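Colleague: based on what follows, work out the 3D shape:
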Amino acid sequence: MKNLILSLLLLFCTTLSYAQSDEQGILTAVNDYLDGGTNGDINQFKGAFVADAIQRSIGRNGTVIGMSVESLASKITPGKTMSRETSVLSWSYAGIAATAITETVYPSSKIIDLLNLLKINGEWKIVSRVYSRIESDESLSSSGQVSASVPSAPKTKTAPKKKVEAAVDDGW
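Modeller: Numbers count the residues shown, from 1 in each chain. Got it, this is the predicted structure:
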């Protein structure tokens, strides 16, 4: 009985530390992006992303615009601290995928980032960024937690699911 309790305790602690490790990894990547940009640390900034991360928004003329990480990093002045405040508004994850919402407040506007991250070789990296520049007095609109369940056909007995390898998962 004592061995069973110790085994369960060890399993619980291992699971808890694994979750904390993922949480810390996600926040480290997001904060490397925010702090690297704020403090003019280009290597820290670029280290938060995969090399081919995509960044998108809507330009002044209403068309979709985008830029590479290299292009955005080129706008950072090395060693110069920017006049802005940043914060992580929310984040969540499941398995190897995560999302985070950040706010960057400038003297005359804000940028809201919606970041998508993947855990690649044990390290969390930003793979895409969609952003919106809003007025300083605007705030993020959110639905909060929403149930993902949708009415469906009556359940029938299904065959056991086959294990899908993450390397071939195309998201469909």
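
Colleague: burial check on residue 80, number of neighbours?
Modeller: 10 (other CB atoms under 10 Å). Every C-beta, even on glycine, is put in place using the N, C-alpha and C of the backbone.

Colleague: ok, for it, nearest residue in space, not its chain neighbours?
Modeller: The spatial neighbour of residue 80 that comes closest, neighbours along the chain excluded (CB to CB, 6 or more residues apart in numbering), is residue 40 at 4.4 Å.

Colleague: so what's the one you found scoring on pLDDT?
Modeller: In this model, residue 40 is scored at 97, pLDDT.

Colleague: make residue 1 into 56 and carry on from there
Modeller: Got it, first residue is 56 now, which makes that one residue 95.

Colleague: contacts only, for it.
Modeller: Counting by CB atoms under 8 Å, 6 or more residues apart in numbering, residue 95 makes contact with 131-137.

Colleague: and if you look at residue 173?
Modeller: Neighbours of residue 173 in contact, by CB under 8 Å, 6+ apart: 105, 151-153, 179-180, 182.

Colleague: many thanks, have a good one.
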